[in-house]
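>>> Need a 3D model of the following:
(one chain, ligands or ions: 2)
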Amino acid sequence: MLDLIPKTVWLLLPCYTPNNFAVLVGGGKPIDFGKTFFDGKRILGDGKTWRGFTGGITGGVFTANLQFAIEKLSGVAIYSSLPFSEFFILTFLLALGAMLGDLCGSFIKRRFGYERGASFPLLDQLTFLIVALILASTFPPFWKLFTIQVILLAVIITPALHFGINYIAYRLNLKEVPW
Ligand code: CTP
Ligand code: MG
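Numbers count the residues shown, from 1 in each chain. Ligands and ions are numbered 1, 2, ... in the order given. Next up is the predicted model:
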């Protein structure tokens with residue numbers, strides 16, 4: 001059970017990292033091209049850009065390949081237990097799904113009238129994960145690594161990790177608020 005937590009985090013890095021890369025490289029044209037939805041509010045908002053979306057996916061794929069290399073060097077075989085082509089498609093789908101899920105989250109936030117950047121607890125931390133898992137699960141090799149226990153643990157630890165990391169950042173005075 002205990003070693004299931006680091007294993008789950010390791011498996012999830014290709015969907016955790018895309019948003020960080022999006023923050024780094026984001027900017028420029030918004031994905032919704034500034035358009036509003038039927039409710040008069042922005043479809044997605046200025047926080048979702050083409051550069052962030054593509055850079056995020058690229059960043060997730062980059063992270064996964066780094067993980068593959070680390071596994072090969074250290075002799076641990078999690079992702080590297082798969083043939084390279086399966087590993088590549090699986091982690092690409094995780095990164096793509098994370099960025100698509102992030103768009104779904106923003107779409108829902110705009111419909112509820114939340115401004116860009118406003119925090120919406122649980123939606124912010126889970127939509128990206130759930131869409132990533134659903135998309136990747138359509139690729140059968142997913143089930144070789146993502147057991148039911150891993151999936152359940154993923155849904156529990158992702159918000160916990162998020163709040164934990166934000167709390168540490170707050171205590172270190174890196175953030176104004178603990179969430
Ligand atoms: N970002 C981007 N393109 C994306 C996702 C993120 O450019 N597809 C960048 C934006 O600069 C964004 C930042 O990463 O402001 C943080 O991402 P996120 O927290 O997902 O967006 P928010 O600005 O909080 O917007 P929203 O309220 O829609 O979640
Ligand atoms: Mg945000």
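
>>> CA atoms for contacts and neighbours, from now on please.
Will do.

>>> So which bits of the protein are right by ligand 1?
Proximity of the chain to ligand 1, by C-alpha under 6 Å from any ligand atom, involves residues 19, 22-23, 26-27, 45, 47-49, 52-53, 106, 115-118.

>>> mind running it again at 5 Å?
Residues of the chain lying close to ligand 1 (C-alpha under 5 Å from any ligand atom) are 22-23, 26-27, 47-49, 52-53, 106, 116-117.

>>> Show me how to select, in ChimeraX, the buried members of the residues you listed.
Filtering the residues of the chain next to ligand 1 down to the buried ones (16 or more other C-alpha atoms under 10 Å) takes a single ChimeraX command:
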select :22,23,26,27,47,48,49,52,53,106
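
>>> The residues of the chain next to ligand 1 in helices, which ones?
Per DSSP state H, helices hold the following members of the residues of the chain next to ligand 1: 22-23, 52-53, 106.

>>> will you turn these into TSV that also has distance to Thr147?
Output for those, formatted as TSV (distance: C-alpha to C-alpha, whole Å):
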residue	distance to Thr147
Ala22	29
Val23	31
Gly52	31
Phe53	28
Ser106	29
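
>>> can you give me the strands in this protein?
For the chain, strands defined by DSSP state E do not occur.

>>> Okay, now the unreliable bits of it?
Counting by pLDDT under 70, the chain contains low-confidence ranges at 1-2.

>>> what about Phe68, how many residues close to it?
Number of residues near Phe68 (other C-alpha atoms under 10 Å) recorded here: 21.

>>> Identify the residues contacting Thr58.
Pro18 (C-alpha atoms under 8 Å, 6 or more residues apart in numbering).

>>> how close does it get to ligand 1?
When distance is defined by C-alpha to the nearest ligand atom, to the nearest Å, Thr58 is 12 Å away from ligand 1.
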